[in-house]
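Q: can't give you the sequence, but here's the structure:
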């Protein structure tokens, strides 16, 4: 116990934190790319573009039906054969964002479909273009609906990014296994890794909750919220 | 040289099908400037579809619509569709108030009224807001300008929707059963606003089940059944002495409820 806190933690924590930083970078970059992919795929599928929509549907189906770890391995070991050399980190970002993007496209599709068609008609009837209707009427409402689910996906991405250790990216889990290979202290080191994942996920969950509350529009918020804000401003 | 201005809306031979069902079968309607036409008839008679055709939200399968003398939706002469930008320009000249409460919930009352002015008319925000407030005042809701729709009653929401349509200064205003989704006690305030518009000679086509409104405000009644115009008459002659057997049956059934109410002591 004493050794764990006063010897092992000071010795190995800095290296693990380096890995945690990579984990965060992987997750944030992949999430940002996944949002772009997901929204794009959702819009294309909803627009029913002749061939493109079918291709997007196939992408979603395939990526949801193959385990993430297999997708990462396929990307990492296949791309070099067709002449694309990606460092492990970027192969990881590519794999994670394609995977989460497939799921997010379904989240966006559901959120957009949940907006009543009357909202669109009202926009079209005053002369808005379909693009303006999306930008000003549908997406502002749909994004707020999708937000809590998006937050949930981010938190699970933070943890699933540990699979990228299989393709030699020095993120948190891999740094842990490197230490173990040298010290044979599996129990203690895995415990430290677990604690760091927990802290990151816990913080991310609180952050997501806070953003959600901030972005919950006044029209959905109970009156008490407004009152509190007014008192603070006064 | 004397020229009469073309009517705001003139439609001839409108046909609309959904699959095998013919929802509108050769419907014609011309509305003169300043005229109020009320369209009544049983549910499923094609009244709402008629408005959706006339505003090009549901383009008709056949027939000809003219918006102030200009062919609506199609390039005149051919049957070629107008460009998207042209159709948008034409739609912006037709005001529409829907049956459902279709305000945009993420925008305030003023935001709802301003939106078209800013995104379609490209008006500066300050000027759009000024105009929006004037139109909200017209429907008696200036005090609610910064309220979100969720904080407004159904009646107030419909009045904002009317202000939103009016702000675009349309050639003609369409109302698609604007009170049928409202609590009975909220119907009056919406009909009052519409009555005031009628008295100011706003060109309007109103699909409604409110017979007393139709009798008072309309210059002309269009009675539809099964996708056809059955009878077209002044309110006095339609309600007093309907020509068609079908109209008589409809009125008997609809008005008998009112008579019962009046007769009870």
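A: Okay, I see it. Quick caveat, the model's predicted, so the values are computed rather than measured.

Q: which parts of chain A sit against chain B?
A: Proximity of chain A to chain B is assessed by Cβ under 8 Å from any Cβ of the partner chain, with A:116, A:118-119, A:121-130, A:132, A:136-137, A:140-141, A:144, A:217-220 identified as the residues in range. For every residue, glycine as well, the C-beta is placed using N, CA and C.

Q: Of those residues, select the buried ones using a PyMOL command.
A: Here is the PyMOL selection string for the buried members of the residues of chain A next to chain B, based on 16 or more other Cβ atoms under 10 Å in any protein chain shown:
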select buried, chain A and resi 119+121+122+123+124+125+126+127+128+129+132+136+137+140+141+144+219
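
Q: Select from the residues of chain A next to chain B every entry located in helices.
A: Members of the residues of chain A next to chain B lying in helices (criterion: DSSP state H): A:118-119, A:121-125, A:130, A:132, A:140-141, A:144.

Q: pLDDT value on the closest residue to chain A within the stretch 51-200 of chain B, please?
A: Minimum separation of the stretch 51-200 of chain B from chain A (Cβ to the nearest Cβ) falls at residue B:92, amounting to 2.7 Å. Here the pLDDT value assigned to residue B:92 is 92.

Q: List the contacts of it.
A: A:126-127, B:116, B:120-121, B:168, B:170 (Cβ atoms under 8 Å, 6 or more residues apart in numbering or on different chains).

Q: now those residues as a markdown table including distance to residue B:138?
A: Below are the contacts of residue B:92 laid out as a markdown table (distance: Cβ to Cβ, whole Å):
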| residue | distance to residue B:138 |
| --- | --- |
| A:126 | 17 |
| A:127 | 21 |
| B:116 | 16 |
| B:120 | 20 |
| B:121 | 18 |
| B:168 | 14 |
| B:170 | 14 |
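
Q: Now pLDDT and distance to residue B:153 too, for these, in JSON lines please.
A: Rendered in JSON lines, the data for these read as follows (pLDDT from 0 to 100; distance: Cβ to Cβ, whole Å):
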{"residue": "A:126", "pLDDT": "92", "distance to residue B:153": "23"}
{"residue": "A:127", "pLDDT": "92", "distance to residue B:153": "28"}
{"residue": "B:116", "pLDDT": "93", "distance to residue B:153": "23"}
{"residue": "B:120", "pLDDT": "93", "distance to residue B:153": "28"}
{"residue": "B:121", "pLDDT": "92", "distance to residue B:153": "29"}
{"residue": "B:168", "pLDDT": "93", "distance to residue B:153": "24"}
{"residue": "B:170", "pLDDT": "93", "distance to residue B:153": "25"}
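
Q: Emit the ChimeraX select command for whichever of the residues you listed are buried.
A: What follows is the ChimeraX syntax selecting those of these that are buried according to 16+ other Cβ under 10 Å:
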select /A:126,127 /B:116,120,121,168,170
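
Q: Identify the residues contacting residue A:71.
A: By Cβ under 8 Å, 6+ apart, the contact set of residue A:71 is A:63, A:95, A:98-99.

Q: where does the stretch 51-200 of chain B have low pLDDT?
A: Screening the stretch 51-200 of chain B residue by residue with the criterion pLDDT under 70, one finds the ranges B:78.

Q: picking that back up, for the residue of the stretch 51-200 of chain B closest to chain A, grab phi and psi.
A: Taking degrees, to the nearest 10, you get phi -70, psi -10 for the backbone angles of residue B:92.

Q: got it, and residue B:31?
A: Dihedral angles phi and psi of residue B:31 (degrees, to the nearest 10) take the values phi -120, psi 120.

Q: Give me the helices and strands touching the longest helix anywhere in chain A, please.
A: Looking across chain A with DSSP H, the single longest helix is helix A:9-47. If contacts are counted by 3 or more Cβ pairs under 8 Å, 6 or more residues apart in numbering or on different chains; DSSP states H and E, helix A:9-47 sits against helix A:50-65, helix A:88-113, helix A:139-160, helix A:172-183, helix A:186-215.

Q: and the angle from that helix to helix A:172-183?
A: 150 degrees (axes from the mean of the first three to the mean of the last three Cα atoms, to 10 degrees).

Q: Enumerate every residue touching residue 211.
A: In the absence of a named chain, this looks at chain A. Listed by Cβ under 8 Å, 6+ apart, the contact set of residue A:211 reads A:147, A:151.

Q: Please refer instead to chain B.
A: Counted by Cβ under 8 Å, 6+ apart, residue B:211 has contacts B:40, B:239, B:251, B:254-255, B:258.

Q: returning to that earlier point: hmm, which two among the contacts of residue A:71 are most spread apart?
A: In the contacts of residue A:71, two members sit farther apart than any others by Cβ to Cβ. They are A:63 and A:95, at 9.9 Å.

Q: out of those two, which sits in the busier spot?
A: residue A:95 (26 against 19; other Cβ atoms under 10 Å in any protein chain shown).

Q: Please report how far that one lies from chain B.
A: Here residue A:95 is placed at a distance of 35 Å from chain B (Cβ to the nearest Cβ, to the nearest Å).

Q: Next, the buried residues of stretch B:220-237.
A: For stretch B:220-237, burial by neighbour count (16+ other Cβ under 10 Å) applies to B:220-225, B:227-231, B:233, B:235.

Q: swap in stretch B:243-262?
A: For stretch B:243-262, the neighbour count (16+ other Cβ under 10 Å) marks B:246-247, B:250-251 as buried.

Q: For the residue in chain A that chain B sits nearest to, give me its contacts.
A: Chain B sits closest to residue A:127 of chain A, with a gap of 2.7 Å, by Cβ to the nearest Cβ. For residue A:127, the residues meeting the contact criterion (Cβ under 8 Å, 6+ apart) are B:88-89, B:91-93, B:116, B:120, B:168.

Q: In a strand, residue B:30, correct?
A: Yes - secondary structure assignment (DSSP: H, G, I helix; E, B strand; the rest coil) places residue B:30 inside a strand.

Q: Report pLDDT for it.
A: With respect to pLDDT, residue B:30 scores 93.

Q: And it, how close does it get to residue B:51?
A: 15 Å (Cβ to Cβ, to the nearest Å).

Q: Between these two, which is the more surrounded one?
A: Neighbours around residue B:30 and residue B:51, counted as other Cβ under 10 Å, are more numerous at residue B:51. The numbers are 25 against 14.

Q: which residue sits closest to that one, ignoring its sequence neighbours?
A: Counting by Cβ to Cβ, 6 or more residues apart in numbering or on different chains, residue B:174 is the residue found nearest to residue B:51 once chain neighbours are left out, at 4.7 Å.

Q: which SS class is that neighbour?
A: Taken by three-state DSSP, the conformation at residue B:174 corresponds to strand.

Q: and it, what does it touch?
A: Residue B:174 neighbours (Cβ under 8 Å, 6+ apart): B:51, B:54-55, B:94-97, B:204-207.

Q: how about the ones in helices among the residues of chain A next to chain B, which pair is most distant?
A: Pairwise distances among those were taken by Cβ to Cβ; the largest, 23.7 Å, belongs to A:125 and A:144.
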